[in-house]
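**Student:** model the structure of this input:
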Amino acid sequence: MATYTTLSSTADVFRLHPAVTEPSVASALAEPLLDAKSLAFSPMGAAAIVALAGLDLIGSYCAMRYLDTGHQLWWSAGAIAFLGLFAVYSASLQWAELGTVTLGWIVFVQVGVLAMDKMAHGTIIPAGKWLAMGVIFLLMAYMLLAPNGKTSESTPIAPSPSAGLPSGAPGGTAVIGHERTANR
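**Tutor:** Next up, the predicted model:
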């Protein structure tokens with residue numbers, strides 16, 4: 001049986017108290033990002049892309065310096081930069097699409113890494129690579145500025161915790177394997 005009997009009542013171990021489950025993580029993840037609104041490009045999205053690349057490069061520079069010197073200050077500064085990166089990344093999804101922000105971030109980081117390598121180590125970057133970076137920036141501009149298609153209707157990715165439970169049943173039902181047991 002799926003229940004434990006205590007002195008005062010029977011507790012269902014497969015169903016949390018409604019105050020804990022509503023709204024649940026699964027139901028929150030199943031909701032569309034902004035109620036089926038199409039996320040268009042915004043200047044805040046572009047600022048987020050530049051901020052992400054900057055924080056990523058700062059964190060990477062701090063990691064290189066920490067490996068060179070072993071000084072904890074560089075480790076701490078890098079950790080703070082990467083925490084800031086996560087905060088900016090999660091906040092940026094309010095203004096732009098996940099794919100657009102991520103792709104823009106990657107493009108800017110790659111160009112920044114090449115520039116950082118040139119400054120730090122004197123690496124010579126051939127003209128073909130500079131041309132490729134220019135083409136990538138043009139393609140990125142197209143990705144950011146071109147209109148998006150219509151959004152499709154969202155399908156839940158996970159059932160809510162109360163899915164399958166009859167509404168109005170005092171304790172609901174617990175499903176164990178293929179067997180249903182009623183709770184009182």
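**Student:** pLDDT below threshold where in the protein?
**Tutor:** Counting by pLDDT under 70, the chain contains low-confidence residues at 1-41, 151-184.
**Student:** that one: strands as residue ranges?
**Tutor:** Assigned by DSSP state E, the strands in the chain fall at 3-5, 10-12, 173-176, 179-182.
**Student:** which helices and strands does the helix ranked longest in the chain pack with?
**Tutor:** Taking DSSP state H as the assignment, the helix of the chain that covers the most residues is helix 43-69. Identification of packing neighbours for helix 43-69 by 3 or more Cβ pairs under 8 Å, 6 or more residues apart in numbering; DSSP states H and E yields helix 72-92, helix 98-121. The C-beta positions use only the backbone N, C-alpha and C, and glycine is treated the same way.
**Student:** could these be laid out in a markdown table, adding mean neighbour count?
**Tutor:** A markdown table is the format used below for these (neighbours: other Cβ atoms under 10 Å):
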| stretch | mean neighbour count |
| --- | --- |
| helix 72-92 | 15 |
| helix 98-121 | 16 |
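**Student:** CSV for those, including distance to P147?
**Tutor:** As requested, the helices and strands packed on helix 43-69 are arranged in CSV below (distance: least, Cβ to Cβ, whole Å):
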stretch, distance to P147
helix 72-92, 20
helix 98-121, 12
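**Student:** who wins for proximity to L52 among these?
**Tutor:** Shortest separation from L52 across those is recorded for helix 98-121, at 4.2 Å, computed as Cβ to Cβ.
**Student:** restricting to C-alpha, output that closest one in PDB.
**Tutor:** Extracted as PDB, the C-alpha positions of helix 98-121 are listed here (Å, rounded to 0.1, in the frame of the first residue of the first chain):
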ATOM      1  CA  LEU A  98      17.400  31.500 -26.200                       C
ATOM      2  CA  GLY A  99      18.900  30.600 -29.500                       C
ATOM      3  CA  THR A 100      19.600  34.200 -30.500                       C
ATOM      4  CA  VAL A 101      21.200  35.100 -27.200                       C
ATOM      5  CA  THR A 102      23.300  32.000 -27.100                       C
ATOM      6  CA  LEU A 103      24.500  32.200 -30.700                       C
ATOM      7  CA  GLY A 104      25.300  35.900 -30.300                       C
ATOM      8  CA  TRP A 105      27.200  35.200 -27.100                       C
ATOM      9  CA  ILE A 106      29.200  32.500 -28.800                       C
ATOM     10  CA  VAL A 107      30.100  34.700 -31.800                       C
ATOM     11  CA  PHE A 108      31.300  37.500 -29.600                       C
ATOM     12  CA  VAL A 109      33.200  35.200 -27.300                       C
ATOM     13  CA  GLN A 110      35.000  33.600 -30.200                       C
ATOM     14  CA  VAL A 111      36.100  36.900 -31.700                       C
ATOM     15  CA  GLY A 112      37.100  38.100 -28.200                       C
ATOM     16  CA  VAL A 113      39.200  35.000 -27.600                       C
ATOM     17  CA  LEU A 114      41.000  35.600 -30.900                       C
ATOM     18  CA  ALA A 115      41.600  39.200 -30.000                       C
ATOM     19  CA  MET A 116      42.700  38.300 -26.500                       C
ATOM     20  CA  ASP A 117      45.100  35.700 -27.900                       C
ATOM     21  CA  LYS A 118      46.500  38.300 -30.300                       C
ATOM     22  CA  MET A 119      47.100  40.800 -27.500                       C
ATOM     23  CA  ALA A 120      48.400  38.400 -24.900                       C
ATOM     24  CA  HIS A 121      50.600  36.100 -27.100                       C
END
